[in-house]
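**Q** give me coordinates for this.
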Amino acid sequence: MASTSPTRHAWRVLLGLLIVTAVLFGINALGVYVFKTDAGEPASSWAPELALDLQGGTQIILGAESPDGAAPTEDQLNQAAAIIRQRVDASGVAEADITTEGGRNIVVQIPGAADQATRDRIQASAKLELRPVILATAPATSFVGEDGQETAYPTPDDAMNATPTAEPTDKSDPNWVTDRRVAELQAYDCSAKHDSANAPADEPLIACEENGSYKYLLGPVELDGSVINDATAGREQQSGRWTVNLVFDAKGTQIFGEVSQRLNANRLAQQSPRDQFAFVLDGKVLSAPTMQAVILNGKPSISGNFTQDSAKALADQLRYGALPLSFTVESSDTISATLGSQQLQIGLITGLIGLGLVALYSLITYRALGWVIMASIGVMGVLTYIVIAILAWRMGFRLSLAGVAGLIVSIGFTADSFIVYFERIRDELRDGKSIVAAVEDGWGRAKRTIYISKSINVLAAVVLYVLADATVKGFAFTLGLTTLIDVFIFVIFTHPVMQLLARTRFFGGGHKLSGLDPDALGAVYRGRAQFRDVHTGSSGRAARNKGARGEAEKRQTIAERKRAEALAGSKDAGKDSDA
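**A** Here you go, the predicted model:
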């Protein structure tokens, strides 16, 4: 019963590997056949997404403009480029290339076709303002007159009063309302384009809800995006709606606390809509919630008709702050691959050559055991491929030529794990153990060495990913990913397979082509400095034993060799005395 326990365990582990593989393929199948992008395309693909250097993409050139019209400084341009890079890379390893050009341009190169949401994220200045609501109305620009006909609201007249009749006492004071501003609000068309992103901060602003459901007359700016320390997307526990949660700095916390006290007092006095505040992003009202309580901890949340993607996009923009410059799109073009399909083919051929050399070395050195190495590398390749496809869907990961190099290097690292394991098994055989016992004891000793070495590899990949240039991040990412998968395959495939093979006649019997032949490995070693007599038996067996003895002697430590020589010397002295 005990002898079959490892066999049953091995089959269970291999079944677990099969289930994990099926689950990964099922996850990606959902992205291919069920989930769709906003454009109606499949969210995932069975082929890995390629980076800019392998498949080309979209090039957007942004012209920078400073608020005062002066030429942007180098620091402003570099800061803006860094913010744009963070926005583009927020969803994962995007392999985008963002550079400055000519002292006023920022060149953004994105792998593949850039959708409108990506373009908007790059170009938007993320100018966040918190303004109190003074008036709110429906988005209509016309009314039904006494004659029953729909009539457009009149165009604001310069003769209308535009000056408050009394000095406003706060930024949500109704004294900000004038005849001209009421007329402007009524005639304001939310569907038209308005250049309100650079509206004066100390003046009221007319703006529409982002979805066009309301239009507002808003008071002067209470706070801007510079006081935001963090912004994250999350779900409300009760309603399950997506929200953007903000964290203000000390200044923002103090001012927002005062604003919340005033607006909450307006709510208690039933002075709607002056109990609302609006989060305005580049002239658009993201949300205008009612102040439900006094918020003194500086952690408000923006709620509205958010999806997961829109909430995350907004959080990314706000977390990285407002751009120090405004931009106009100078050009937007599709560019060809910088390295092209020829270089990708060269990389794949290099990988196949490396795989072939590993296979050749494995088969020459380990005979049939070499097929176990190749099978393990094959299983690792399948898992790596499907994981990369899933990461392309969920994280926006794109495979660059540097990433391909990381995959090629991982072939050697993977084979190294199996070589350590097999050598430990052979060492156990040289100690005179059975093949079944050698597999188990070799596993116990080899796995500690492999875990330590792989931990160092993962640490090196993490450090390289954090500190290296963006062009090298793909190499570090794939190297770290394949190292983790390597350890997983070693535990859940290679060792169970060896447990099963050790109980077959071919491997367990020590066939000379199995790679576990005791005689070929020098398994004449029976203890410390003790060997079987290699001079007895037939001449053929004596010759084989002589070769095995030489192999065993190579494996001796210095102390063991000296002890063997001392024992041999004492035997010779005994023979001389008898003579």
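
**Q** switch to C-alpha atoms for all contacts and neighbour counts from now on
**A** Fine.

**Q** at which residues are the strands of the stretch 301-450 of the chain located?
**A** 301-303, 326-335 (DSSP state E, counting those that start in this stretch).

**Q** scan the chain for its longest helix.
**A** helix 435-467 (DSSP state H).

**Q** just the strands of the stretch 301-450 of the chain: most buried one?
**A** Counting by mean count of other C-alpha atoms under 10 Å, strand 301-303 has the highest mean neighbour count of the strands of the stretch 301-450 of the chain, with a mean of 19.

**Q** quick revisit: make JSON lines out of the strands of the stretch 301-450 of the chain and add distance to residue 205.
**A** Formatted as JSON lines, the strands of the stretch 301-450 of the chain follow (distance: least, C-alpha to C-alpha, whole Å):
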{"stretch": "strand 301-303", "distance to residue 205": "20"}
{"stretch": "strand 326-335", "distance to residue 205": "20"}
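
**Q** can you redo those as JSON lines with mean pLDDT?
**A** Shown next, in JSON lines, are the strands of the stretch 301-450 of the chain (pLDDT from 0 to 100):
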{"stretch": "strand 301-303", "mean pLDDT": "76"}
{"stretch": "strand 326-335", "mean pLDDT": "77"}
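
**Q** go through those and name the closest to residue 464.
**A** strand 326-335 (29.1 Å; C-alpha to C-alpha).

**Q** tell me the gap between the helix or strand hosting residue 26 and the middle of its chain.
**A** Residue 26 belongs to helix 5-33 when elements are defined using DSSP states H and E. Distance, stretch centre to chain centre, for helix 5-33: 23 Å (C-alpha atoms, centre = their mean, to the nearest Å).

**Q** do stretch 342-353 as well
**A** On C-alpha atoms, centre = their mean, the centre of stretch 342-353 falls 25 Å from the chain's centre.

**Q** give me the contact list for it.
**A** With C-alpha atoms under 8 Å, 6 or more residues apart in numbering as the test, stretch 342-353 has contacts from 54, 401, 404-405, 408.

**Q** mean confidence (pLDDT) on stretch 241-252, please.
**A** Average pLDDT, stretch 241-252: 88.

**Q** quick one: terminal-to-terminal distance for that stretch?
**A** 25 Å (C-alpha to C-alpha, to the nearest Å).

**Q** and the contacts of stretch 342-353, which is closest to residue 288?
**A** Using C-alpha to C-alpha, residue 54 comes nearest to residue 288 of those, at 44.9 Å.

**Q** hang on, the earlier thing: which elements pack onto the longest helix of the chain?
**A** Applying 3 or more C-alpha pairs under 8 Å, 6 or more residues apart in numbering; DSSP states H and E, one finds that helix 435-467 contacts helix 401-430, helix 470-489, helix 495-501.

**Q** please save the CA atoms from the last one in PDB.
**A** So that's helix 495-501. What follows is helix 495-501 as a C-alpha-only set of coordinates in PDB (Å, rounded to 0.1, in the frame of the first residue of the first chain):
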ATOM      1  CA  HIS A 495       8.700  15.500 -10.100                       C
ATOM      2  CA  PRO A 496       5.300  13.600 -10.500                       C
ATOM      3  CA  VAL A 497       6.500  12.400 -13.900                       C
ATOM      4  CA  MET A 498       9.700  11.100 -12.400                       C
ATOM      5  CA  GLN A 499       7.800   9.400  -9.600                       C
ATOM      6  CA  LEU A 500       5.800   7.500 -12.300                       C
ATOM      7  CA  LEU A 501       8.800   6.700 -14.500                       C
END
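
**Q** please name the residues that touch residue 451.
**A** Applying C-alpha under 8 Å, 6+ apart to residue 451 gives the contacts residue 487.

**Q** give me the contacts around stretch 257-264.
**A** Against stretch 257-264 from outside (C-alpha under 8 Å, 6+ apart): 222, 274-277, 291-298.
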